[in-house]
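Undergrad: mind looking at a prediction? Sequence and model below.
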Amino acid sequence: MTLTTSAPTASPLATADPAIHRLIQAEQERQSLTLEMIASENHTSHAVMEAVGSCLTNKYCEGYPTKRYYSGCTFYDQVEELAIRRVTELFGCRFANVQPHSGASANTAVFFALLEPGDTYCSVVLSDGGHLTHGSPVNLSGKWFKPVHYPLVYDESRPDFGHVDYDAVRALCLQHKPKLLLCGYSAYPRIIDFPRFRAIADECGALLMADIAHVAGLVAGGSHPSPFPHCHIVTTTTHKTLRGPRGGLIMTNDEELAKKIDKAVFPGTQGGPLMHVIAGKAVCFGEALKPAFKDYARQIVANAKALATELMTRGFRLTSGGTDNHLLVIDLRRTDKELTGKDAAAWLEQAGIIVNKNTVPRDDRSPFITSGVRMGTPALTTRGMKEPQMKQVASLIDQVLRSRGNAQILASVRSEVTNLCRQFPMPVA
Ligand SMILES: *Cc1c(COP(=O)(O)O)cnc(C)c1O
């Protein structure tokens, strides 16, 4: 054997497929030199990525631990059991299904388990901060079932402006008698009152489902109240504030519901589980069980509050007037009647600040244009940023949103963003 002193050997991917390798390198650089402020995104750990990139991708494991349809599943059983043990400890519940490929798959499985086609359920409409899978007419949840949407408080003079209108939820549920009452949202900056929802569900004979896709990491870290023991079913993603691999998860305390859900995931709506991703989920749950994750969750919220306060000081209006969690939505109609969410997001992207356009409650613009931008702090917090950086970021956002797209202003913000990113690198552990 000879020792090589030349350049490090190219990775298997670089050798086998330089085109894809180059694109991944370019994306790596994009992520490291931009401010990732999409409220549903995060930077996962290398440990999670190693599990997801492992040989566990090779195996079919249809079924559940010790009840598989294929041979050779010994280690996969242990991986899945460990993932389940960790996540039930993390959320303080009895049963979990870790196989859903995504949040949408998790929700589909729950609907398949609990509803018949045409059944009524109650949820928030997409444009008020709900999710596509909560009854949008273009989604299975809206096509095959009958969603009835409950409102937020739209009256700005009320102290609970922008919150769920719980009295209206109750009235609507008593009127429509839904089988399922759904809480949990994609663009809702306030705490969800699970006990209050449960009281309403009990009164009208509905099962209560919480989709905590967005706040799961805050719940796990103790910075948002837990849906347990109030909710009958809890679904979530694992890749947002929870900071794991892309995936879904369903939890419950009820053994009968757990059995129905297992059947609805497989064979009801999915085939073979993504065991490499389930291993990544197990790693993520292990990370979230460590004390440091509590600090992380707390800092996400502290950062969001700092960002919100500074933006409001600078004259921006936020939906519901602030935030209690990891995200906020700027209602652009209040600062600049001409400025759309679409333009704002495009200018911010030019400046290296990545957000998404978002409808605001009672938006009269389409979901492709919108009157708002949504932003969150999970990814910036992962990079180690704290309140002083949030003040700086608010100032950069302010400059961009008042720039009218001026190229010089955007370029100057872009270079400040690059500097900030270099001071707070993406996770290396
Ligand atoms: C993100 C999200 C989902 C869907 O997750 P996917 O993994 O993209 O399918 C479901 N519900 C809510 C509330 C979400 O925010």
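TA: That came through, no problem.
Undergrad: residue contacts, the residue of the stretch 301-429 of the chain found nearest the ligand?
TA: At 10.1 Å from the ligand, L327 is the closest residue in the stretch 301-429 of the chain, using Cβ to the nearest ligand atom. Every C-beta, even on glycine, is put in place using the N, C-alpha and C of the backbone. Contact partners of L327, counting by Cβ atoms under 8 Å, 6 or more residues apart in numbering, are 39, 187, 189, 214, 304, 374-377.
Undergrad: bridged to it, which residues?
TA: G376 (DSSP bridges).
Undergrad: residues touching D128, list them.
TA: Contacts of D128 by Cβ under 8 Å, 6+ apart are 149, 151-152, 359, 361-362.
Undergrad: what residues does this structure have near the ligand?
TA: 40, 102-104, 107, 131, 133, 184-186, 211, 213-214, 237, 248 (Cβ under 6 Å from any ligand atom).
Undergrad: switch the cut-off to 5 Å
TA: Proximity of the chain to the ligand (Cβ under 5 Å from any ligand atom) is limited to residues 102-104, 131, 186, 211, 213-214, 237.
Undergrad: now tabulate those residues in JSON lines and tack on pLDDT and secondary structure.
TA: Listed next are those as JSON lines, based on pLDDT from 0 to 100; DSSP: H, G, I helix; E, B strand; the rest coil:
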{"residue": "S102", "pLDDT": "98", "secondary structure": "coil"}
{"residue": "G103", "pLDDT": "98", "secondary structure": "helix"}
{"residue": "A104", "pLDDT": "98", "secondary structure": "helix"}
{"residue": "H131", "pLDDT": "96", "secondary structure": "coil"}
{"residue": "S186", "pLDDT": "97", "secondary structure": "coil"}
{"residue": "D211", "pLDDT": "98", "secondary structure": "strand"}
{"residue": "A213", "pLDDT": "98", "secondary structure": "coil"}
{"residue": "H214", "pLDDT": "98", "secondary structure": "coil"}
{"residue": "T237", "pLDDT": "98", "secondary structure": "strand"}
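Undergrad: now those residues: which count as buried?
TA: Among the residues of the chain next to the ligand, the ones that count as buried by 16 or more other Cβ atoms under 10 Å are 102-104, 131, 186, 211, 213-214, 237.
Undergrad: what count of nearby residues applies to the nearest residue to P367 once chain neighbours are set aside?
TA: In space, and not counting its chain neighbours, P367 is closest to T359: 5.8 Å by Cβ to Cβ, 6 or more residues apart in numbering. As a burial measure, T359 scores 24 neighbours (other Cβ atoms under 10 Å).
Undergrad: and T359, what does it touch?
TA: T359 neighbours (Cβ under 8 Å, 6+ apart): 126-128, 187, 341, 365, 367, 370-372.
Undergrad: swap in 10 Å and give it another go.
TA: Each residue near T359 by Cβ atoms under 10 Å, 6 or more residues apart in numbering is listed here: 125-129, 187, 319, 329, 341, 365-367, 369-372, 374.
Undergrad: what of H276?
TA: So H276 contacts 51-59, 76, 79, 245 (Cβ under 10 Å, 6+ apart).
Undergrad: surely V413 meets Q350?
TA: Yes: using Cβ atoms under 10 Å, V413 makes contact with Q350 at a distance of 8.6 Å.
Undergrad: give me the common contacts of the two.
TA: Common contact partners of V413 and Q350 (Cβ under 10 Å, 6+ apart): 400, 403.
Undergrad: more neighbours: which of these two?
TA: Neighbours were counted for V413 and for Q350 using other Cβ under 10 Å; V413 has more, 23 against 17.
Undergrad: state the phi and psi torsions of P100.
TA: Main-chain dihedrals, P100, degrees, to the nearest 10: phi -60, psi 130.
Undergrad: show me the strands in the stretch 251-400 of the chain, by range?
TA: 327-331, 353-354, 356-358, 372-376 (DSSP state E, counting those that start in this stretch).
Undergrad: mean pLDDT and distance to P65 added to those strands, as CSV?
TA: Formatted as CSV, the strands of the stretch 251-400 of the chain follow (pLDDT from 0 to 100; distance: least, Cβ to Cβ, whole Å):
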stretch, mean pLDDT, distance to P65
strand 327-331, 97, 36
strand 353-354, 98, 39
strand 356-358, 97, 38
strand 372-376, 98, 35
